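S.K.: return a 3D structure for these sequence lines:
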Amino acid sequence: MTDAQETAAETTLRTPGGAPPADLPPAPVPLLEPREGVPPVVAEPEDLDAVVAAFAAGHGPVAVDAERASGYRYGQRAYLVQLRRAGAGTALIDPVGCPDLTTLGTALSGTEWVLHAATQDLPCLRDIGMVPDRLFDTELAGRLAGFARVGLGAMVENVLGYALEKGHSAVDWSTRPLPEPWLRYAALDVELLVDLRDALEEELARQGKLDWAHQEFAAIAAAPPAPPRKDPWRRTSGMHKVRRRRQMAVVRELWTARDRIAQRRDVSPGKVLSDAAIVEAALALPSTSRALAALNGFGHRTSRRQLEQWQEAIDRARALPDAELPQPGQPLTGPPPPRAWADKDPAAAARLSAARTAVTRLAERLSMPQENLIAPDTVRRLCWEPPAEATPENIAAALSGHGARPWQVEQVTPVLVTALKATSG
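M.R.: Prediction:
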């Protein structure tokens with residue numbers, strides 16, 4: 001980073017709307033090289049030991065990022081981990097060569113980790129032994145502060161006045177060796193993350209929202225790993241077209257067969273068989289592999305052996321007794337879909353409409369997305385089964401019981417009390 005860039009980093013803070021102050025030039029400064037250059041990739045345990053020692057001896061927050069190979073490989077494992085900390089510089093670590101980073105995670109215990117969109121990276125970091133006990137999420141901070149665009153590139157540009165290259169975000173990070181331009185991009189992703197954190201902390205404090213952000217960050221850090229998704233095949237793209245239970249069974253069998261093959265070959269399931277092809281086969285219910293070959297997605301590039309394995313999955317679904325066919329919908333664990341409320345419970349529908357309007361107006365006044373002010377599911381549950389009396393104490397207790405943070409309870413309770421009282425009786 002040049003002296004001019006260093007000076008700009010100290011002076012440029014743009015507003016949540018993204019517009020620069022009138023006395024500053026609007027053009028961002030391109031950030032082309034890490035200030036100490038691109039570090040070598042750490043892929044051997046002995047080299048990792050040196051990184052652990054350096055970062056343990058560093059000071060201040062540590063910027064952390066991870067790159068996955070979504071769309072190329074099976075699962076969401078990390079293929080590169082980037083860190084930067086004052087006194088330690090930048091490190092690029094290859095989790096393929098160093099699959100256990102527990103010692104690094106332990107060395108950073110008690111240190112605040114700075115991540116952008118933390119919930120995307122924390123699962124793959126947890127898998128390699130890196131779990132923060134404190135964090136600062138710059139994407140979430142941007143949402144709470146009212147920024148319209150909260151991607152890392154947009155935030156660095158709007159807040160700090162720099163332009164990051166984002167051309168390599170969707171590449172195959174399982175590639176070895178990683179090309180030099182990709183490594184430069186990866187190093188730059190953590191280059192200004194702590195600077196961004198500091199500027200956003202100042203902005204949140206100015207708006208009186210810093211404690212709100214700290215509560216949100218603490219909730220993310222304390223959240224347990226997500227449980228396995230029930231019936232993941234139901235999330236097949238185009239599933240809304242599949243209405244008959246026998247057809248649903250075909251989707252389930254093809255999805256399961258595809259997932260097993262993708263896991264064995266370590267490739268993205270979509271590279272084995274597309275969702276569109278699965279839905280096409282479910283709707284057509286072909287009885288032979290020849291009929292299957294005539295469908296979109298099962299054309300001339302599909303070998304005879306592949307066609308036979310897909311047809312076998314379809315035949316398994318065709319042979320199932322009715323009692324073993326999947327049900328049209330998943331069992332509900334909460335309120336029904338809001339579109340059904342008017343018929344099932346008109347009073348609840350009225351409560352929900354009033355509550356949504358009140359929350360939307362409050363979110364606008366606070367300059368933040370409605371879903372960050374209070375989870376939509378929490379509002380739905382409250383309106384479907386409200387307390388017997390809509391007192392502030394009862395509403396606050398219900399919100400807390402559904403997982404709302406204290407700052408959320410404090411902000412939304414008054415407007416929800418008013419909304420529920422207005423629709424009672």
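
S.K.: quick check: pLDDT value at the residue positioned nearest the centre of the chain.
M.R.: For the chain, the residue nearest the mean C-alpha position is residue 120 (3.9 Å; Cα atoms, centre = their mean). Note for residue 120: predicted pLDDT of 96.

S.K.: my guess is it is in a strand, correct?
M.R.: No: using DSSP: H, G, I helix; E, B strand; the rest coil, the assignment for residue 120 is helix, not a strand.

S.K.: where along this protein do the strands fall?
M.R.: Using DSSP state E, the strands of the chain run over residues 29-31, 41-42, 59-68, 78-86, 89-93, 112-115, 134-137, 162-164.

S.K.: out of the ones you listed, which is closest to residue 324?
M.R.: Closest approach to residue 324 among the strands of the chain (Cβ to Cβ): strand 59-68, 36.1 Å. Every residue, glycine included, has its C-beta placed from N, CA and C.

S.K.: helices and strands around that closest one, which ones?
M.R.: strand 78-86, strand 112-115, helix 118-127, helix 180-191, helix 193-207 (3 or more Cβ pairs under 8 Å, 6 or more residues apart in numbering; DSSP states H and E).

S.K.: now do that strand against helix 193-207, angle only.
M.R.: 110 degrees (axes from the mean of the first three to the mean of the last three Cα atoms, to 10 degrees).

S.K.: ok and strand 59-68 relative to strand 89-93, angle-wise?
M.R.: Counting by the same axes, to 10 degrees, strand 59-68 lies at 30 degrees to strand 89-93.

S.K.: buried residues in strand 59-68?
M.R.: 61-68 (16 or more other Cβ atoms under 10 Å).

S.K.: next: stretch 122-138.
M.R.: For stretch 122-138, by 16+ other Cβ under 10 Å, it's 122-125, 127-128, 130-132, 135-138.

S.K.: so how far is that stretch from its chain's centroid?
M.R.: Remark: stretch 122-138 is offset 13 Å from the chain centroid, using Cα atoms, centre = their mean, to the nearest Å.

S.K.: just stretch 340-347 next, same as before
M.R.: For stretch 340-347 - counting by Cα atoms, centre = their mean - the centre lies 33 Å from the chain centre.

S.K.: and it, what's buried?
M.R.: Neighbour-count burial for stretch 340-347 [16+ other Cβ under 10 Å]: 341, 345.

S.K.: contacts for it?
M.R.: Contacts to stretch 340-347, defined as Cβ atoms under 8 Å, 6 or more residues apart in numbering, come from residues 335-336, 348-349, 352, 384, 423.

S.K.: kindly report the domain assignment for the protein.
M.R.: 3-222, 232-324, 338-422 (automatic domain parsing).

S.K.: what about the second one, start to end distance?
M.R.: I take that to be domain 232-324. Chord length of domain 232-324, first to last residue, is 17 Å (Cα to Cα, to the nearest Å).

S.K.: remind me which residues of the protein are low pLDDT?
M.R.: The chain contains residues with pLDDT under 70 at 1-25, 331-332, 425.

S.K.: the same query, at a cut-off of 50, please.
M.R.: Low-confidence regions of the chain, defined by pLDDT under 50, span residues 1-12, 20.

S.K.: just the buried residues of stretch 122-138 now: which is nearest residue 370?
M.R.: residue 137 (18.4 Å).

S.K.: hey, what's that closest one bridged with?
M.R.: Counting by DSSP bridges, residue 137 is bridged to residue 115.

S.K.: quick check: it vs residue 188, distance?
M.R.: Residue 137 sits at a distance of 19 Å from residue 188 (criterion: Cβ to Cβ, to the nearest Å).

S.K.: next one: residue 355
M.R.: Separation of residue 355 from residue 188 (Cβ to Cβ): 44 Å.

S.K.: do the same with residue 337
M.R.: 43 Å.

S.K.: which one's more surrounded, those two?
M.R.: residue 188 (24 against 10; other Cβ atoms under 10 Å).

S.K.: roughly how far does that one sit from residue 111?
M.R.: 22 Å.

S.K.: now residue 74
M.R.: Going from residue 74 to residue 111 by Cβ to Cβ gives 32 Å.

S.K.: next: residue 77.
M.R.: Applying Cβ to Cβ, the value for residue 77 to residue 111 is 24 Å.

S.K.: do the same with residue 101
M.R.: 14 Å.

S.K.: who's more crowded, those two?
M.R.: Higher neighbour count among residue 101 and residue 111: residue 101, with 23 against 20, using other Cβ under 10 Å.

S.K.: was I right about the more buried one contacting residue 91?
M.R.: No: contact criterion Cβ atoms under 8 Å: residue 101 and residue 91 do not qualify, at 10.7 Å.

S.K.: what count of nearby residues applies to the closest residue to residue 312 other than its chain neighbours?
M.R.: Once flanking residues are discounted, residue 312 sits nearest to residue 257: 8.0 Å by Cβ to Cβ, 6 or more residues apart in numbering. Neighbours of residue 257 under the rule other Cβ under 10 Å: 19.

S.K.: go on, residue 298?
M.R.: Neighbour count for residue 298, taken as other Cβ under 10 Å: 22.

S.K.: list the contacts of the nearest residue to it once chain neighbours are set aside.
M.R.: Distance criterion Cβ to Cβ, 6+ apart; nearest residue to residue 298, sequence neighbours excluded, is residue 292 at 5.2 Å. Listed by Cβ under 8 Å, 6+ apart, the contact set of residue 292 reads 281, 286, 298, 307, 310-311, 314.

S.K.: hmm, 10 Å instead?
M.R.: If a contact means Cβ atoms under 10 Å, 6 or more residues apart in numbering, then residue 292 has 277, 280-281, 284-286, 298, 302, 307-308, 310-311, 314 as its contacts.

S.K.: same question, residue 368
M.R.: With Cβ under 10 Å, 6+ apart, residue 368 has these contacts: 16, 142-147, 207, 209, 212, 362, 411.

S.K.: now with 8 Å?
M.R.: 143-146.
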